[in-house]
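[1] Below is the sequence, then the predicted model.
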Amino acid sequence: MDPRDVCGGEEALPVPVCGAWTQLSAFQYSAEQVAGPGAELDPNEVTIQGCECQGKQCLPGECACLPHGQNYLDHRLHSAQKPILECNVLCHCRETCVNRETQQGLQFQLQVCEVPGKGWGLFTQENIPSGRFVCQYAGEVLGPEEVHRRIQEQDPQANNYIIAVREHLHSGRILETFVDPTFVGNIGRFLNHSCQPNLVMVLVRTHSMVPRLALFAARDIQAGEELCYDYSGKAFNCIPSNELHSGHSQDKERERSQRKKCLCSTDPCCGYLPFDATLYEAAA
């Protein structure tokens with residue numbers, strides 16, 4: 001691993017390592033999602049039909065990729081509360097189309113640094129305006145059985161990189177996407193949790209029904225700040241109080257024994273990292 005660029009040249013910009021880089025756990029860098037064991041869909045297979053737009057940019061009401069209105073204004077996310085579909089490789093619009101924001105790669109100078117008590121973290125070396133795309137959370141897309149197997153074999157004290165995303169459709173169906181950057185992943189694996197984060201995760205679809213887990217600046221971020229997001233996905237989302245613990249174990253004693261302390265040190269800190277006990281229960 002080159003301390004001058006943890007990405008190994010796979011990103012648009014290098015991401016240097018600040019600290020004892022030889023202690024970083026080895027992993028294969030991938031800027032995009034890859035199909036892992038049990039994945040029903042290949043995230044790199046083009047399955048979404050492109051638009052027929054011929055102009056300089058795609059416009060709402062005319063572009064099939066903008067069914068919910070404009071996604072970005074001046075490179076900034078317009079709303080984190082609506083589904084986002086970007087133009088893809090099958091679209092007739094230009095590669096400079098404004099509706100391809102998450103496909104441009106890294107646009108800000110970032111670095112991986114040691115964080116006392118936390119291990120490693122991702123920091124920005126320059127100001128990032130609110131709404132700008134920062135990076136993806138990319139890794140292996142797994143099937144549920146493989147997720148359960150990996151969690152079962154995992155050291156309870158080790159970092160758990162697996163993220164489970166559940167989309168509730170109007171039909172009542174739930175779409176689940178499991179991403180694990182432990183062995184194959186990108187710089188998103190270095191992002192720590194915060195109960196008062198400066199990033200928000202948004203699902204963005206481009207050429208596949210497998211969503212990109214895209215992270216945008218939730219506010220203006222100053223140079224030198226650590227970049228963090230809420231692992232639970234509750235921050236910046238309106239979730240009724242009776243749904244906050246949906247899908248979690250009813251065995252609170254067991255849940256507390258498995259949860260890890262949160263070290264974000266923010267005023268609204270919950271005390272513990274988000275925990276989805278259903279994954280552990282299914283593995284038992």
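    Received it, and whenever you're ready, just let me know what you need.
[2] Am I right that Arg189 falls within a helix?
    Yes. Applying DSSP: H, G, I helix; E, B strand; the rest coil, one finds Arg189 inside a helix.
[3] and the spatially closest residue to it that is not a sequence neighbour, which of the three is it?
    Nearest residue to Arg189 in three dimensions, chain neighbours excluded: Pro181, at 4.0 Å (Cβ to Cβ, 6 or more residues apart in numbering). The C-beta positions use only the backbone N, C-alpha and C, and glycine is treated the same way. Of the three states, Pro181 takes strand according to three-state DSSP.
[4] what residues are up against Pro181?
    Taking Cβ atoms under 8 Å, 6 or more residues apart in numbering, we find Pro181 in contact with Phe27, Tyr137, Ala138, Gly139, Glu140, Tyr161, Gly188, Arg189.
[5] Can you read off the pLDDT for it?
    Looking at Pro181, its pLDDT is 97.
[6] What's the separation between it and Gly36?
    From Pro181 across to Gly36, the span is 10 Å (Cβ to Cβ, to the nearest Å).
[7] any shared contact partners between the two?
    The overlap between the contact sets of Pro181 and Gly36 (Cβ under 8 Å, 6+ apart) consists of Gly139, Glu140.
[8] residues in contact with Val184?
    Listed by Cβ under 8 Å, 6+ apart, the contact set of Val184 reads Phe27, Gln28, Tyr29, Ser30, Val34, Gly36, Gly139, Glu140.
[9] ok, the fifth one touching Glu45?
    No. In terms of Cβ atoms under 8 Å, Val34 does not count as a neighbour of Glu45; the distance is 11.4 Å.
[10] Which one's more surrounded, those two?
    For the pair Val34 and Glu45, the greater number of neighbours falls to Val34 (18 against 11), based on other Cβ atoms under 10 Å.
[11] Roughly how far does the more buried one sit from Thr96?
    According to Cβ to Cβ, Val34 and Thr96 sit 27 Å apart.
[12] mind listing the strands for the stretch 51-200 of the chain?
    Secondary structure of the stretch 51-200 of the chain (DSSP state E, counting those that start in this stretch): strands at 72-73, 76-77, 84-85, 110-115, 119-124, 133-136, 139-142, 163-168, 174-185, 192-193, 199-205.
[13] who wins for proximity to Gly9 among the ones you listed?
    Gly9 lies closest, by Cβ to Cβ, to one member of these: strand 110-115, at 14.9 Å.
[14] residues making contact with that closest one?
    6, 13, 15-20, 24, 120-125, 134-135, 187, 190, 192, 226-227.
[15] Also compute the angle for it relative to strand 119-124, please.
    On the basis of axes from the mean of the first three to the mean of the last three Cα atoms, to 10 degrees, strand 110-115 is oriented at 150 degrees to strand 119-124.
[16] returning to what we had before: could the strands of the stretch 51-200 of the chain be laid out in TSV, adding distance to Gly233?
    Below are the strands of the stretch 51-200 of the chain laid out as TSV (distance: least, Cβ to Cβ, whole Å):
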stretch	distance to Gly233
strand 72-73	21
strand 76-77	16
strand 84-85	15
strand 110-115	22
strand 119-124	18
strand 133-136	15
strand 139-142	17
strand 163-168	8
strand 174-185	12
strand 192-193	11
strand 199-205	6
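[17] Alright, calling it a day.
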